[in-house]
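J.: heads up, no residue letters with this:
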């Protein structure tokens, strides 16, 4: 595998509340989402100005039968902190969308 330097790869599985740590979840359960989508990761990364570059066709190695895609992001902080920031932003975005759809 080639080195990414100051970039990192982020898979939607990292944020999935239905996954265990052994199955690929990387963040605490309290920040995890139900069925996170690649679009949500991209939206959160854009909001945090992490310059996302998606690969839509990729399959997470532990669930090779399912296309989930991944995103390559700039890495200004350690990856664990980036994942937590992304998770918090994704939760915030979902809450805003839920409130918006209820009002309309």
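T.: Here it is on my side, so go on. Computed from a predicted model, the values in this text were never measured in an experiment. Residues are numbered from 1 along each chain as shown.

J.: What distance do you get for residue 40 to residue 33?
T.: In this structure, residue 40 lies at 7 Å from residue 33, with C-beta to C-beta, to the nearest Å as the measure. Where you see a C-beta, it was placed from the backbone N, CA and C, and this is true even at glycine.

J.: just the helices in this protein please.
T.: Defined through DSSP state H, the helices belonging to the chain, from first to last, are 38-47, 79-103.

J.: Could you list the low-pLDDT ranges of the protein?
T.: 1-2, 100-104 (pLDDT under 70).

J.: Please enumerate the shared neighbours of residue 40 and residue 33.
T.: Common neighbours of residue 40 and residue 33 are listed as 90, 94 (criterion: C-beta atoms under 8 Å, 6 or more residues apart in numbering).

J.: Out of the helices of the chain, which is closest to residue 15?
T.: For these, distance to residue 15 was read as C-beta to C-beta. The smallest value, 5.5 Å, belongs to helix 79-103.

J.: which parts of that closest one are buried?
T.: Within helix 79-103, the residues that count as buried by 16 or more other C-beta atoms under 10 Å are 82, 83, 84, 85, 86, 87, 89, 90, 91.

J.: With stretch 6-15 instead?
T.: For stretch 6-15, using 16+ other C-beta under 10 Å, the buried residues are 8, 10, 11, 12, 13, 14, 15.

J.: what's the spacing between residue 68 and residue 19?
T.: In this view, residue 68 and residue 19 are 11 Å apart by C-beta to C-beta.

J.: list residues touching both of these two?
T.: residue 13.

J.: Can you verify my assumption that residue 88 contacts residue 33?
T.: No: with contact defined as C-beta atoms under 8 Å, residue 88 and residue 33 do not form a contacting pair (10.8 Å).

J.: If we ignore the residues flanking it in sequence, what's nearest residue 14?
T.: residue 26 (4.1 Å; C-beta to C-beta, 6 or more residues apart in numbering).

J.: Many thanks, I have nothing further to ask.
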